[in-house]
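> Pasting a predicted model and its sequence here:
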Amino acid sequence: MTTPSEASGDEGRRGRRPDEELRDLLATVSHELRAPLTTIAGYAQLGLLGGLDDHQALRRAMARVQAEAHRMTALVDELLLFSTLGERRPLERVAVDLAELCTELVADTRVSHPDRPVSCVIDEGRHLVQGDPHRLRQVLSNLLVNVHHHTPPGTRTTVRLRHEAHWACIDVADDGPGIPPALHDRVFEPFFRAHGSPAGHEDGNGPHGAAPGSGLGLSLVAALVDAHGGTVRIEPSERGARFTVRLPARPPIES
């Protein structure tokens with residue numbers, strides 16, 4: 001299995017020693033954790049000084065603390081998954097119906113984000129692959145969350161499931177601001193963010209008011225798809241961004 005940075009095809013990262021990459025990763029993780037920890041510590045200090053006696057102020061502070069705690073939990077969970085993939089632990093291998101998976105996730109997204117219209121288009125035929133259903137669900141979930149983090153409310157998203165030769169393909173396309181072509185390879189690097197700040201938004205908010213991501217979402221997509229023998233890339237699009245996941249289609253069982 002290739003690492004997410006190798007999958008991104010970034011020439012500048014080739015030839016680096018493992019200890020250099022580990023040192024950079026640890027530095028970035030430390031920076032990612034520092035912001036939410038600083039926020040939580042700040043609100044704790046404010047409460048100890050009596051600055052949260054007002055009920056509404058206390059509720060706002062606790063909501064921020066909870067959001068930052070969730071942010072750190074997500075980061076730790078994704079780092080643990082990265083370590084699992086790095087140790088080449090085998091994924092579950094069962095028949096997965098991508099049509100069912102896409103339909104369920106789109107329905108969940110409509111409920112959780114009613115301000116973001118999302119549709120599901122499934123081409124005719126069976127869409128079966130051999131893989132880990134939980135990890136494949138995470139692939140599509142991360143792609144949809146990526147749209148939420150980097151596009152304004154009202155952005156339309158289409159999930160399309162189709163066939164391409166011997167591949168089962170999932171397209172996730174939105175009509176948002178898109179991604180500059182020069183960044184198409186780099187978006188799959190761990191902790192890379194298109195606005196150029198590896199630490200993300202220090203105020204705890206995403207670029208369009210969404211909760212900030214961990215910066216690992218697309219890297220995990222690349223790693224999980226690669227572990228399933230597939231590929232993921234950004235396809236040319238006249239408007240917005242379009243990610244395409246290609247997975248080896250499961251051959252029909254002969255009777």
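Good, I have the coordinates.
> which other helices and strands contact whatever helix or strand Val121 lives in?
Secondary-structure assignment from DSSP states H and E places Val121 in strand 118-122. Applying 3 or more CB pairs under 8 Å, 6 or more residues apart in numbering; DSSP states H and E, one finds that strand 118-122 makes contact with helix 98-112, strand 157-164. For every residue, glycine as well, the C-beta is placed using N, CA and C.
> what separates the shortest one from the chain centre, distance-wise?
When distances are taken as CA atoms, centre = their mean, to the nearest Å, strand 157-164 is centred 18 Å away from the chain's centroid.
> Show the average pLDDT along it.
Throughout strand 157-164, pLDDT has a mean value of 96.
> Return the most buried member of the helices and strands packed on strand 118-122.
strand 157-164 (a mean of 18; mean count of other CB atoms under 10 Å).
> So which residues make contact with the following helix or strand past that strand?
For strand 157-164, the following helix or strand on the C-terminal side (DSSP H and E) is strand 167-174. Contacts with strand 167-174, where a contact means CB atoms under 8 Å, 6 or more residues apart in numbering, come from 98, 102, 127-129, 139-140, 143-144, 147, 151, 155-163, 230, 235, 237, 240-250.
> Which stretches in this structure count as helices?
For the chain, the helices defined by DSSP state H cover 4-8, 18-48, 55-86, 98-112, 133-150, 217-227.
> Show me where the protein dips below the pLDDT cut-off.
Scanning the chain with the threshold set as pLDDT under 70 gives 1-29, 31-32, 78, 82-90, 193-215, 252-255.
> For Val225, list the residues it contacts.
Contacts of Val225 (CB under 8 Å, 6+ apart): Val139, Thr231, Val232, Val245, Arg246, Leu247.
> Run through the bridge partners of the closest residue to the fifth one other than its chain neighbours.
Taking CB to CB, 6 or more residues apart in numbering, and ignoring the residues beside it in sequence, Arg246 has Trp167 as its nearest neighbour in space, at 4.3 Å. With beta bridges defined as DSSP bridges, Trp167 has these partners: Glu164, Pro248.
> okay, now Trp167: neighbour count?
Close neighbours of Trp167, defined as other CB atoms under 10 Å, add up to 16.
> repeat for Leu220
By the measure other CB under 10 Å, the count of residues near Leu220 is 22.
> hang on, isn't it packed against Gln138?
Yes - taking CB atoms under 8 Å as the definition, Leu220 is a contact partner of Gln138 at 7.0 Å.
> May I see the PyMOL selection of the buried members of the contacts of strand 167-174?
To isolate the buried members of the contacts of strand 167-174 in PyMOL, using 16 or more other CB atoms under 10 Å:
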select buried, resi 98+102+127+128+129+139+140+143+144+147+151+155+157+158+159+160+161+162+230+240+241+242+243+244+245+246+247+249+250
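> how about Asp123, what does it touch?
So Asp123 contacts Arg160, Leu161, Arg162, His163 (CB under 8 Å, 6+ apart).
> Chain neighbours aside, what residue packs nearest to the second one?
If the residues on either side of it in the chain are set aside, Leu161 comes closest to Ile122, at 4.6 Å by CB to CB, 6+ apart.
> So what's the residue count around that neighbour?
Neighbours of Ile122 (other CB under 10 Å): 15.
> From Arg93, how far off is it?
Distance, Ile122 to Arg93, using CB to CB, to the nearest Å: 23 Å.
> check contacts around the residue nearest to Gly131 when sequence neighbours are not counted.
Among residues not flanking Gly131 along the chain, His228 sits closest, at 4.7 Å (CB to CB, 6+ apart). His228 sits next to Leu91, Val129, Gly131, Asp132, Arg135, Leu136, Leu247, Pro248 when contact means CB under 8 Å, 6+ apart.
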